[in-house]
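Engineer: Any chance you can model this:
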Amino acid sequence: MTNPATLLRAAFDEAVAAADPMRCLGPFLPERPRGRLVVLGAGKGAASMARAVEAHYGAPLEGLVVTRYGHALPTQWIEVVEASHPVPDAAGLEAAQRCLEIAQGLGPDDLLLALVSGGGSALLTLPLPGIALTEIQTLYRALLGSGATINEFNCVRRHLSRTQGGRLAAAAFPARVVGLLMSDVPGDDPAAIASGPVVADPSTSAEAAAILAHYRIEVPPSVAAALASAGSESVKPGDSRLATAEVHMTVTPQVSLDAAARLIAAEGLPAHILSDRLEGEARDAGAVLASIARQVAARGEPFTAPCVLLSGGETTVTLRANQEAGRGGRNVEFLLAFGLAAQDHPGIYALAADTDGIDGVEEIAGAIWTPGTSARAVALGLDPRAYLARHDGHGFFEALGQSIVTGPTHTNVNDFRAIYIAPPG
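Structural biologist: The predicted structure is shown next:
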């Protein structure tokens, strides 16, 4: 059998490859319209999705997509703009404003092809009138460290944006709108992917305000006034402006997990997919999955070793008040907690990484834990508990040479976790 660490990395690479837009978009692309074919999009996968569209149609074609800094790819007819993620910046706001204006200029014979992937919530930010960019930046930073789930975060975004919560599709009416979505959210809710620029949103402004109150996030008067006004309501199901809009889920976390499971099976090992939507505190999830791995190793329950446990989803990291976080992300936070709970078991390996190549805000996808990790850390004078306490997973694994660095993958189907449990004895 392939070395366990090598196998887990190969499974991760296969999960990423399975979500390549060149492999996934083709079956969902509609016929050319009588009028203009216009492409708009946002997300970490937007540039690669745009390239797949160009390869399919060729000219004439026009449009604009916005992606994270460093994630652009060369295109022929669709303009690619880079902006900041996860906190929006002026470049993103300008791109979002241009997207909105392009959509508003379409007619009944035109087709708007909307390319939507994870990261689009920040990249397509266009605050409601009266809300400053600096206010949105402060609010989003607070939400990022609050422990709010991605669905809660995106509910707030949908009610403070002129492009999200179905508003981009509504602006394009009466043109036909086809949304092609790459899911990076637990449950694959279209309204949560990039905060749903082309789909109806059943949530309300009152719910968004309640989320902010629940996490005790102070909001400026402009945001409070916006959420109390009718103008903050998103486009609701049944709205006539969405009558010509449709959405298709082109790839999901489950698709990538299935691909990884097939690769592992080809090595003669059973692969068990625990969930494609694991949520909650990253360190808590790490401890729980470590306890399951130890039960498999010791008792052969609920699975018989050797085997690999797979999971996807999106966990969270909650910062204490006024705490300055280290260099970490939710995957390395998960992995540190997992390793500590695994208690140096000699037959347990684990990998946790983000399929977009970015865990947290750094260009590091994640890391791998092996049975020798604790001993190597001790030899280098590294205390994993101290690193976990200050949310500095990248610092820990980088010092050990166990980080996973892929560079931009140009896709995004959320987090990937794989745990190998060796046979007993």
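
Engineer: From here on, just use CA atoms for contacts and neighbour counts.
Structural biologist: Noted.

Engineer: any low-confidence regions in the protein?
Structural biologist: 1, 321-325 (pLDDT under 70).

Engineer: do you know how far A266 is from S275?
Structural biologist: Taking Cα to Cα, to the nearest Å as the measure, A266 and S275 are separated by 21 Å.

Engineer: neighbour count winner among the two?
Structural biologist: Comparing A266 with S275 by neighbour count (other Cα atoms under 10 Å), the higher total belongs to S275, at 16 against 10.

Engineer: Helix, strand or coil: sort out that one for me.
Structural biologist: Following DSSP: H, G, I helix; E, B strand; the rest coil, S275 is assigned to strand.

Engineer: in terms of contact, does it touch L309 like I think?
Structural biologist: No: applying Cα atoms under 8 Å, one finds S275 not in contact with L309, separated by 9.6 Å.

Engineer: Spell out which residues make up each domain of this structure.
Structural biologist: 4-15+254-421, 31-251 (automatic domain parsing).

Engineer: could I get those domains as a markdown table with distance to L25?
Structural biologist: As requested, these are exported to a markdown table (distance: least, Cα to Cα, whole Å):
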| stretch | distance to L25 |
| --- | --- |
| domain 4-15+254-421 | 12 |
| domain 31-251 | 6 |
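
Engineer: what kind of secondary structure is R9 in?
Structural biologist: helix.

Engineer: That one contacts A350, doesn't it?
Structural biologist: No: with contact defined as Cα under 8 Å, R9 does not reach A350; the gap is 9.7 Å.

Engineer: which of those two has more neighbours?
Structural biologist: The residue with more neighbours, out of R9 and A350, is A350; 27 against 19, by other Cα under 10 Å.

Engineer: Tell me who's in contact with the more buried one.
Structural biologist: Residues counted as contacts of A350 (Cα atoms under 8 Å, 6 or more residues apart in numbering) are A5, L8, L335, I368, W369, T370, R417, A418, I419, Y420.

Engineer: Figure out how far the strand or helix carrying it is from the centre of its chain.
Structural biologist: Under the criterion of DSSP states H and E, A350 resides in strand 348-354. Distance of strand 348-354 from its chain centroid, counting by Cα atoms, centre = their mean, to the nearest Å, is 17 Å.

Engineer: Okay, angle between the longest helix along the chain and strand 348-354 too, please.
Structural biologist: Ranked by number of residues, the top helix in the chain under DSSP state H is helix 282-299. Our comparison of helix 282-299 with strand 348-354, counting by axes from the mean of the first three to the mean of the last three Cα atoms, to 10 degrees, yields an angle of 150 degrees.

Engineer: what's helix 282-299 packed up against?
Structural biologist: On a contact count with 3 or more Cα pairs under 8 Å, 6 or more residues apart in numbering; DSSP states H and E, helix 282-299 meets helix 330-342, strand 415-421.

Engineer: let's see 6 Å
Structural biologist: Applying 3 or more Cα pairs under 6 Å, 6 or more residues apart in numbering; DSSP states H and E, we find helix 282-299 packed against helix 330-342.

Engineer: quick one: contacts of stretch 397-405?
Structural biologist: By Cα atoms under 6 Å, 6 or more residues apart in numbering, the residues outside stretch 397-405 that reach it are I364, A365, G366, A367, I368.

Engineer: Restrict that stretch to CA atoms and write it as CSV.
Structural biologist: Extracted C-alpha coordinates of stretch 397-405, given in CSV (Å, rounded to 0.1, in the frame of the first residue of the first chain):
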residue,chain,number,x,y,z
PHE,A,397,3.0,23.0,11.0
GLU,A,398,5.3,25.3,9.0
ALA,A,399,8.0,24.9,11.6
LEU,A,400,7.7,21.1,11.2
GLY,A,401,7.7,21.2,7.4
GLN,A,402,4.2,19.6,7.4
SER,A,403,2.2,22.4,5.7
ILE,A,404,0.4,21.8,2.5
VAL,A,405,1.0,24.5,0.0
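
Engineer: which parts of it are buried?
Structural biologist: Neighbour counts over stretch 397-405 (16 or more other Cα atoms under 10 Å) mark F397, Q402, S403, I404, V405 as buried.

Engineer: swap in stretch 27-39?
Structural biologist: Buried-residue list, stretch 27-39, by 16+ other Cα under 10 Å: L29, R36, L37, V38, V39.

Engineer: ok, so of these, who is nearest I131?
Structural biologist: V39 (27.8 Å; Cα to Cα).

Engineer: looking at this, that closest one is in a strand?
Structural biologist: Yes: with three-state DSSP as the criterion, V39 is part of a strand.
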